[in-house]
Structure formats: structure tokens, C-alpha cells
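In: I need the structure of the sequence given here:
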Amino acid sequence: MPEIIEVEVRDGGASEAVVARDQISMIGIKPGADGTDGTDGTNGTNGTSPYVAILSNEAHTLPATSTAPGDATYTGSGTTIEVYKGTTQLDSVASSNTPGSGQFTVTAAASATASVNDITAGAITVSGNPAVVADHSGMVQNKATVTYTINCEDSVTLTKVQSLSKSLKGNTGSTGGTGATGARSFSTYLFFPVPYTDANNAANGPGFNTQNLTYSFSNNTFSGLPSFSSRQHGLHLESICSVGNTWFW
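Out: Residues are numbered from 1 along each chain as shown. So this is what the prediction gives:
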């Protein structure tokens with residue numbers, strides 16, 4: 001119940017008549033005591049393991065000498081597909097089957113331009129895990145994709161996309177400028193019909209310092225050649241050409 005507080009005003013003493021009065025109502029509030037804990041609810045249902053698909057070759061570049069399909073190298077353009085449920089690897093089975101527990105199927109679809117496939121997807125081999133996609137072929141565009149639809153245990157469907165592109169050979173560059181003239185050299189030969197087999201012949205043979213021998217390419221002449229007669233001390237000097245008593249070789 002609320003408490004009522006009344007105030008009276010009298011003119012004179014307490015026995016005099018009331019000339020004014022007012023009252024207010026006051027309510028007191030206090031918190032209740034805590035209740036006891038309720039019983040625990042039932043446990044929630046266990047979560048399911050996620051499915052994960054892995055491509056070994058999600059992006060591949062094909063070397064190509066031109067944009068023609070036959071001028072590209074398709075080696076290594078295929079891929080393998082592994083599927084896991086949690087940490088357990090699933091086995092691949094033919095896409096004509098419905099995958100059961102621990103199994104998955106996979107189908108491939110190539111991108112298309114104007115209703116023409118950009119690339120011919122490789123055949124898929126299934127024999128346990130993983131599924132193996134052979135090298136692709138017939139890539140008519142410079143870029144293409146292959147989309148793999150993966151049915152996991154007939155429960156969850158995943159999609160993975162493989163991207164392929166051509167790396168085209170560049171055009172032949174223009175011919176470079178003429179290089180600087182390379183160094184030129186010359187060789188000389190001395191021919192003697194009498195062998196230098198004894199000290200006498202060796203001592204009487206022609207002698208000169210080869211370091212002083214030079215050749216001018218501008219006028220095709222030697223300088224620093226020895227000068228002697230064609231018959232000297234029983235030795236004969238044969239040369240390629242001669243002028244007077246000076247021999248050139």
C-alpha cells in the first residue's frame with residue numbers, strides 16, 4: 001500500500017480551523033531476492049565436417065607461337081582433384097554413379113565464346129583418390145576456364161575453376177645496327193729447305209726481333225722485315241712475295 005502524507009495549515013493555534021491542506025502518496029520499492037538456477041538445457045547437435053576440394057593446378061600458362069590451337073603446348077595443363085571430408089580423403093568414382101559414403105564424382109565444363117568451347121577439357125580418370133584430369137587440347141581462345149562440379153557423398157556439391165591462358169611468342173625485332181669493326185691480325189712464315197739441325201746453320205740463319213714486325217692494313221705493307229740476299233750461307237729463304245732483296249711473307 002502507498003503511504004499518504006497530509007499537510008494542514010491553520011491560522012492561529014492547533015485548535016483553530018484548517019485553512020488549507022495538501023497530501024502526497026509515497027511508494028517504496030526494493031529488489032526481490034535472486035531465484036535459484038534452472039536446470040541445464042539439452043546438448044546441441046554435433047557439427048558436420050566440412051568438404052574441401054583441392055586442384056593441383058588451378059592456373060596454367062600454355063606457351064604458344066601463335067593464337068592457333070595447334071601452336072600451343074598443352075603438356076602439364078591437366079590437374080588432379082582431391083576431396084576431403086574433414087581430414088578424411090574421399091575416393092573418386094565415375095560420374096555416371098551416385099557417390100555413396102566416402103566417395104565423390106566430378107564433371108568438367110569448358111568456358112565458351114559464341115557457343116564454341118574455348119578449350120577441350122581433358123578426360124577424367126577415376127580410380128580411388130584423387131580424380132585425374134588429362135591434359136587439355138584445342139584452345140581456340142587466348143584465355144579459357146574449366147569448371148569442375150564435384151558431388152561429395154551425394155550430400156554437398158562443390159565447384160572449382162581452373163584458369164588457362166596462352167603466353168604468345170613476341171614478334172621478331174628489327175635488325176640491329178652494324179657492330180664495330182673487330183680486331184684484325186696477320187701471320188708470317190719462314191721457309192727453309194735446309195733444316196736448322198746444327199749450330200752452324202742456326203748461327204748463320206736470318207735473325208730479327210718479331211716484336212718489331214708490323215703490318216699496315218691501310219697500304220698492305222710490312223715493316224721490320226729482315227733484309228738479306230736470297231742465297232746466304234747455303235740457306236734459301238722462300239717467301240710469298242719479294243721486292244728487290246727484301247722478302248715479304
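
In: any chance you could map the helices in the chain?
Out: Per DSSP state H, the chain carries helices over the ranges 199-204.

In: Show me the shaky parts of it.
Out: Within the chain, the stretches with pLDDT under 70 are 1, 19, 184-213, 215, 217, 220, 222, 224-249.

In: longest strand of it?
Out: Ranked by residue count under DSSP state E, the longest strand found in the chain is strand 156-168.

In: what sits up against that strand?
Out: 51, 53, 55, 57-67, 72, 77, 79, 81, 83, 119, 136, 139, 142-152 (Cβ atoms under 8 Å, 6 or more residues apart in numbering). Quick note: C-beta positions are derived from backbone N, CA and C, even for glycine.

In: And those residues, which of them are buried?
Out: Among those, those buried by neighbour count (16 or more other Cβ atoms under 10 Å) are 51, 53, 55, 60, 62, 64, 72, 77, 79, 81, 83, 119, 136, 139, 144-146, 148, 150-152.

In: Narrow the contacts of strand 156-168 to those in strands?
Out: Counting by DSSP E, these place 51, 53, 55, 59-64, 79, 81, 83, 143-152 in strands.

In: and the residue nearest to T214 when sequence neighbours are not counted, how many neighbours?
Out: Among residues not flanking T214 along the chain, S223 sits closest, at 5.1 Å (Cβ to Cβ, 6 or more residues apart in numbering). Around S223 there are 9 other residues, counting by other Cβ atoms under 10 Å.

In: try N117
Out: Residues lying near N117 (other Cβ under 10 Å) number 17.

In: Quick check, it in contact with A110.
Out: Yes. Between N117 and A110 there is a contact under Cβ atoms under 8 Å: 4.4 Å.

In: Show me the domain layout of this protein.
Out: Per automatic domain parsing, the structural domains of the chain span 51-168, 199-248.

In: can you put the ones you listed in a markdown table and add distance to G177?
Out: Shown next, in a markdown table, are the domains of the chain (distance: least, Cβ to Cβ, whole Å):
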| stretch | distance to G177 |
| --- | --- |
| domain 51-168 | 27 |
| domain 199-248 | 23 |
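
In: what about D91, neighbour count?
Out: D91 is flanked by 16 other residues according to other Cβ under 10 Å.

In: And S174, by the same measure?
Out: Look at S174: counted by other Cβ under 10 Å, it has 6 neighbours.

In: Out of the domains of the chain, which gets nearest to G179?
Out: Go through the domains of the chain one by one with Cβ to Cβ and the one that ends up closest to G179 is domain 199-248, at 18.1 Å.

In: Could you pull up phi and psi at the closest residue to Q89 other than its chain neighbours?
Out: Distances taken as Cβ to Cβ, 6+ apart put N129 closest to Q89, at 5.1 Å, once the chain neighbours are dropped. Backbone torsions of N129, given as degrees, to the nearest 10, read phi -120, psi 140.
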